[in-house]
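Peer 1: Provided below for reference: sequence and predicted model.
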Amino acid sequence: MAQAATEIHHEAHGHDAHAHHGPQGILKYIWSTDHKMIAMQYLFTGMFMGIVGGFMAYVFRMQLAFPGVSVPLFGVVSPGEYNALVTNHGSIMIFWVAMPVLIAAFGNYLIPLMIGADDMVFPRINRLSFQIFLVSVLMILASLFVSGGGFGGAWTSYPPLSAQSQYNLTSIGATMWLIAVALEFVAFLLGGINFIVTLMNARAPGMKAYDIPVVAWMIVIASILFMLSVGPLIAGAIMLLFDQTIGTGFFDPARGGDPILWQHLFWFFGHPEVYVVLLPAVGIVIDIVATFARKKLFGYKIMIFTAVATGVLSFFVWAHHQFIAGIDPRMANIFTVTTLLISVPIAELLFVMIATLYGGNIKLNTPMLWALSFIAEFLIGGVTGIFLGASGADIYLHDTYFVLAHFHYTFFPIAIIGTFAGFTYWFPKMFGKMMDDRLGKIHFWGTIIPFNMIFIPLFVLGLGGQHRRIYNFQNFPELAAMQPFRVLATVSLIIMLLFQLVFFWNCIKSWRGGAKAGRNPWKANTLEWTTESPPPHGNWPRDAMPRVYRGPYEYSVPGREDDYWPQNLPS
Amino acid sequence: MSEHTEHPTTATGQDAHDGEHHTNYFKIYVTLLVLLVISILGPEIGILWVTLVTAFGIAFVKAYLVIQNFMHLRPEKVIVKWMLASSLLLMGIYFFGVAPDVMKHEGRNWVNMAAMAVVERGIPLDGEHAEEDEHADDGESPGEGEEAAVVAETPFNAAQAYGTVCASCHGAAGGGDGPAGASTTPPPADFTSADFWAATNDERMFQVIKNGGASQGLSPMMAGWGVLYDDDDIRQIIEHLKTFRP
Amino acid sequence: MEKPLATLRSATGVPTGRLAVWWLLASEVVIFGGLLGAYLMFRLGHPEWANAAAVTNTWIGATNTFVLLTSSFTAVLAHQAAEKGDGVKAANYLFMTIGGALLFLIIKSFEWYYEISHGYTITANGFWSFYYTAAGIHAAHVIAGAIIMGFIAVAARKGKELQRVELVGIYWHFVDVVWIFLFPLLYIAK
């Protein structure tokens, strides 16, 4: 095998020499069609937006705990600014952090490598997708600084607040927000088609449908979900845009329109969207769990079918966001049932992870810690969702901090824990260096503990009746007694944000001076570990593309000397 | 080592299209035009079902012909058909999930009687943010906000309270013939019957209204309204009931 | 630019380009489905919109349907020619299809000009809002299709990338199918 490796290495250099017809210099990075480079662009853009979104959270958490205080690095938060901050925090964290990092970055990086292809099937459409995404990033950032300020009508953007500038007072900001979101959808539609077709068509010879690593499956199922759910909202966005700019009345009841229609269009997309970002995170966690438990994945096919079932069911639950919006009460009964039903496949996903861990030879390094914490924290998020899915309980809890804490307990594990798990796991492949495990663990505990300290108090606040859109709690004397919870949440948030510096320090330190990773530092089976770290352009020499002989989770196979069995090794 | 398994697609993928060379595109085109003419002429007759069949039925037939013969879905792999079918199916789910709210408006007219009674009485709010809930709905727009608009400090009106809370069972004129009372056993009390007034007194009525029928050995279907109305309100309601007395 | 190996593989047996176009159409189905579904709900919930619909001119709509059906026919003939490897013939048929698209747009703009000058603007009432939005999004697809076809026709004339003639054809037929449904929804049902 060592001999084969040097051969491949040698040929890779020969390949490199004639592969660089493309742009040179800095353009090589920003005008590249290489899927790995585009993945890096998505990853770093997403991380940058994550910093922006985190800073917004810091500013409005300060306002919430200490109303009227001059926030360091920002100043006094006016009501309009507060609305803009919470709105854009939500929009950015979902559309410009979770989506680009989990789907676009990991999808671009992993899918071609994991299926043994040299690139995406449409490299130039891939580049176009990122460029459109970049325009949307600039648009949403610019919208914060236009006259009137950024859009403040919540990330759900319900009309008439979003449609009529005499209500939201941000005519330019609202329109720019809407265009930015629409551009982002277009970027992910293009990227999604690319992912789906790549996985369907460009697999290495010998790789059957059930030899594909779970994370690639999950990203593609998520892309399909996104693609099929976003259509009505794209139509709705055009209608809302006309309401805002031309003055049509699609969502204006006084002119024959219906504001409830927007809520339906939004949540018909918005709820599947939760699973769009959940499934890639689940896939990442599954891959890590199987690798570091050194055990075959429990129920591979069940996992795939469960993910598909989750996707299908997710199209039947959207109206549980509208129980108190005045929808037909008979529909509320139906949607309660479907909502509670969807906890079955989700529980199944978690059980597969736990069953894989059972009896495994578990290695508790940084990626594995992130993966394990995903299981624990997402469980809390899922269980609290039961209260909100039941229409009766939701009447009390709707739009309180309970809802807020619930969906942060789902989105934080998905977007932050999932990302850190994947990033620390594939860092050796992406940059060719090992990450510092000790700093990684400090960062892990410094993130997980404050995270729980932020959001457990918010559950209590919500049960105590605090509405989620209150700018200054002092206007409501009955909320004053819960002040310690607000302060605890804000202080924990600041601690958590400070601990992210450890992460960035770890990245820089490991990238510059970390130990060389080699091809397969984790002794994993999937194809991306059979090439160099970082992989060259084209991933493998064109005349030595990998061939697949078995599934991706053959760990600790009895009778084998090694406890792993790479997919590309002839038996 | 693997080139023989990879199908080059540069040659338009004729392998998947073996059956289509017999398709006579011109014949399909002429069929489409004939259908177009029918779909225009059909509505001229002016019969509703003819219009619907010729307009939409023919649209489906035309779409089917184009998709099967021009887009060549017929010889395509089954997975492509599944893709398109699931996107169409999804639009069905979307339509039937949304239509009850946007199209029929039936869900809009449901009324939560008890909550309305509270609203009409004026919730004992903390004062300073009572006006927040006032929705500035103008015109007769079908918005949902109107019923919920809080009118704080409205004086209690027994006749109104009777109309919102009692009349659904006891009838608008007190005859015990309200629509919701039609199926209860025993039937709701008839305030227009002399027998009723002979068998009761103010204190007993007060207890029934406040604590429910079961508290006086009467029908448990009569709920207690003490949570909603204070003692003074209940006495005013009793005075209102006496206006039904024969 | 050398194509990556990934583009040349075909594990499902459907050529990569065609598979992508089918997925594109699946995503278009939900975009138009969302819009037309909303229109249908409003239309059934507001019988009075029939008065506004009565103003639309069925004959202009029918002419446009005829134009699009014909352009679909030439698009499929272009595909047939490309399959036989005759790039020049395919390009000519594609140019005829582009001509159909332009004719469609010209008729459409005269129709809209007439309607707008008579006060039936997009803000007039709900029916007209949907009328212009649905037909406008469809027209945007017509314009995009015509531009793409222009590029493909120029390449096909040189005998390059002939498989793309079929791909743009599939897209074009889909635009045709959308119009086949828009025509009764906006014009015939009165």
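Peer 2: Ah, there it is.

Peer 1: touching chain C at all, stretch A:89-106?
Peer 2: No. Figure legend: stretch A:89-106 not in contact with chain C (Cβ under 8 Å from any Cβ of the partner chain); closest approach 15.2 Å. All C-beta spots, glycine's among them, are computed from the backbone N, C-alpha and C.

Peer 1: With stretch A:156-169 instead?
Peer 2: No. When contact is scored as Cβ under 8 Å from any Cβ, no part of stretch A:156-169 falls within range of chain C; the minimum is 12.5 Å.

Peer 1: what is the mean pLDDT for that stretch?
Peer 2: Regarding stretch A:156-169, the rounded mean pLDDT is 87.

Peer 1: Just the CA coordinates for that stretch, please, in PDB.
Peer 2: Taking only C-alpha atoms (Å, rounded to 0.1, in the frame of the first residue of the first chain), the coordinates of stretch A:156-169 have been written out as PDB:
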ATOM      1  CA  THR A 156     -40.400  35.600   9.300                       C
ATOM      2  CA  SER A 157     -41.300  39.000   7.700                       C
ATOM      3  CA  TYR A 158     -45.000  38.800   8.200                       C
ATOM      4  CA  PRO A 159     -47.100  41.300   6.300                       C
ATOM      5  CA  PRO A 160     -48.600  43.900   6.700                       C
ATOM      6  CA  LEU A 161     -45.600  44.900   8.800                       C
ATOM      7  CA  SER A 162     -43.100  43.800   6.200                       C
ATOM      8  CA  ALA A 163     -45.200  45.000   3.200                       C
ATOM      9  CA  GLN A 164     -46.100  48.500   4.200                       C
ATOM     10  CA  SER A 165     -43.400  51.000   4.900                       C
ATOM     11  CA  GLN A 166     -45.700  53.200   7.000                       C
ATOM     12  CA  TYR A 167     -45.700  50.300   9.500                       C
ATOM     13  CA  ASN A 168     -42.100  49.100   9.400                       C
ATOM     14  CA  LEU A 169     -40.500  52.500   8.700                       C
END
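
Peer 1: And the pLDDT at A:Ile234?
Peer 2: For A:Ile234, the model assigns a pLDDT of 95.

Peer 1: Please disregard the earlier target; I meant B:Val102.
Peer 2: We have a pLDDT of 82 for B:Val102.

Peer 1: Just the element for the closest residue to it other than its chain neighbours, please.
Peer 2: Take B:Val102 and drop its neighbours on the chain: the residue closest to it by Cβ to Cβ, 6 or more residues apart in numbering or on different chains is C:Met41, 4.4 Å away. Element membership for C:Met41, per DSSP states H and E: helix C:16-45.

Peer 1: buried sites along stretch A:34-44?
Peer 2: Applying a neighbour-count criterion of 16 or more other Cβ atoms under 10 Å in any protein chain shown, the buried positions in stretch A:34-44 are A:34-43.

Peer 1: Repeat that for stretch A:41-59.
Peer 2: Neighbour-count burial for stretch A:41-59, with 16+ other Cβ under 10 Å as criterion, is recorded at A:41-43, A:45-47, A:49-50, A:52-54, A:56-59.

Peer 1: So what's the gap between it and the chain middle?
Peer 2: Average the C-alpha atoms of stretch A:41-59, do the same for its chain, and the two points are 12 Å apart (Cα atoms, centre = their mean, to the nearest Å).

Peer 1: rewinding a little: for A:Arg203, state which of the buried residues of stretch A:41-59 is nearest.
Peer 2: Lowest distance from A:Arg203 to the buried residues of stretch A:41-59 (Cβ to Cβ) belongs to A:Tyr42, with 22.7 Å.

Peer 1: can you tell me how far the closest one sits from A:Leu102?
Peer 2: Counting by Cβ to Cβ, to the nearest Å, the gap between A:Tyr42 and A:Leu102 amounts to 10 Å.

Peer 1: got it, and A:Arg203?
Peer 2: Per Cβ to Cβ, A:Arg203 is found 22 Å from A:Leu102.

Peer 1: More neighbours: these two, which one.
Peer 2: Shown here are A:Arg203 and A:Leu102; by other Cβ atoms under 10 Å in any protein chain shown, A:Leu102 has more neighbours (28 against 25).

Peer 1: Surely the more buried one and A:Val277 touch.
Peer 2: Yes. Counting by Cβ atoms under 8 Å, A:Leu102 touches A:Val277, with 5.4 Å between them.

Peer 1: Give the residues shared as contacts by those two.
Peer 2: Applying Cβ atoms under 8 Å, 6 or more residues apart in numbering or on different chains, one finds that A:Leu102 and A:Val277 are jointly contacted by A:414-415.

Peer 1: What pLDDT does the model give B:Pro188?
Peer 2: On the pLDDT scale, B:Pro188 is placed at 87.

Peer 1: ok, the closest residue to it other than its chain neighbours - contacts?
Peer 2: In space, not counting the residues next to it along the chain, B:Pro188 is nearest to B:Gly181; the distance is 3.9 Å by Cβ to Cβ, 6+ apart. The neighbours of B:Gly181, taking Cβ under 8 Å, 6+ apart as the test, are B:168-171, B:187-188.

Peer 1: Between the residues you listed, identify the one with the most neighbours.
Peer 2: Of all the contacts of B:Gly181, B:His170 has the most neighbours under the rule other Cβ under 10 Å, reaching 25 neighbours.

Peer 1: Phi, psi for that one please.
Peer 2: Note on B:His170: backbone dihedrals following degrees, to the nearest 10 are phi -90, psi 0.

Peer 1: That one touches B:Ser193, doesn't it?
Peer 2: No. Look at B:His170 against B:Ser193 with Cβ under 8 Å: they stay out of range, at 11.7 Å.

Peer 1: joint contacts of the two?
Peer 2: Between them, B:His170 and B:Ser193 share the neighbouring residues B:Gly176, with contact defined by Cβ under 8 Å, 6+ apart.

Peer 1: how far away is A:Ala332 from chain C?
Peer 2: A:Ala332 sits 19 Å away from chain C when distances are taken as Cβ to the nearest Cβ, to the nearest Å.

Peer 1: Name the nearest residue to A:Gly206, sequence neighbours excluded.
Peer 2: Closest residue in space to A:Gly206, ignoring its immediate chain neighbours: A:Val548 at 4.1 Å, by Cβ to Cβ, 6+ apart.

Peer 1: In the record's domain split, what are the boundaries for chain B?
Peer 2: Using automatic domain parsing, the domain ranges for chain B come out as B:3-106, B:111-134+B:143-153, B:156-246.

Peer 1: Worst mean pLDDT among those?
Peer 2: When the domains of chain B are ranked by mean pLDDT, domain B:111-134+B:143-153 comes last with a mean of 52.

Peer 1: Helix or strand: which one has residue 80?
Peer 2: All of this refers to chain A. With secondary structure defined by DSSP H and E, A:Gly80 is part of helix A:79-91.

Peer 1: actually chain B
Peer 2: Taking DSSP H and E as the definition, one finds B:Val80 inside helix B:78-99.

Peer 1: could you say what helices and strands that helix packs with?
Peer 2: Judged by 3 or more Cβ pairs under 8 Å, 6 or more residues apart in numbering or on different chains; DSSP states H and E, the packing partners of helix B:78-99 are helix A:214-245, helix A:259-293, helix C:16-45.

Peer 1: Could you tell me whether B:Met222 really is in a helix?
Peer 2: No. The assignment for B:Met222 (DSSP: H, G, I helix; E, B strand; the rest coil) gives coil, which keeps it out of a helix.

Peer 1: can I assume it is in contact with B:Ser215?
Peer 2: No. Using Cβ under 8 Å as the test, B:Met222 is too far from B:Ser215 to be in contact (9.3 Å).

Peer 1: For the two, list the residues in contact with both.
Peer 2: Applying Cβ under 8 Å, 6+ apart, one finds that B:Met222 and B:Ser215 are jointly contacted by B:Val208.

Peer 1: The two: who's more crowded?
Peer 2: Regarding B:Met222 and B:Ser215, a neighbour count based on other Cβ under 10 Å identifies B:Met222 as having more, with 23 against 15.

Peer 1: Tell me the spacing between the closest residue to A:Asn361 other than its chain neighbours and A:Gly551.
Peer 2: On the basis of Cβ to Cβ, 6+ apart, the spatially nearest residue to A:Asn361 that is not a chain neighbour turns out to be A:Arg294, at 4.3 Å. Look at A:Arg294 and A:Gly551: by Cβ to Cβ, they are 15 Å apart.
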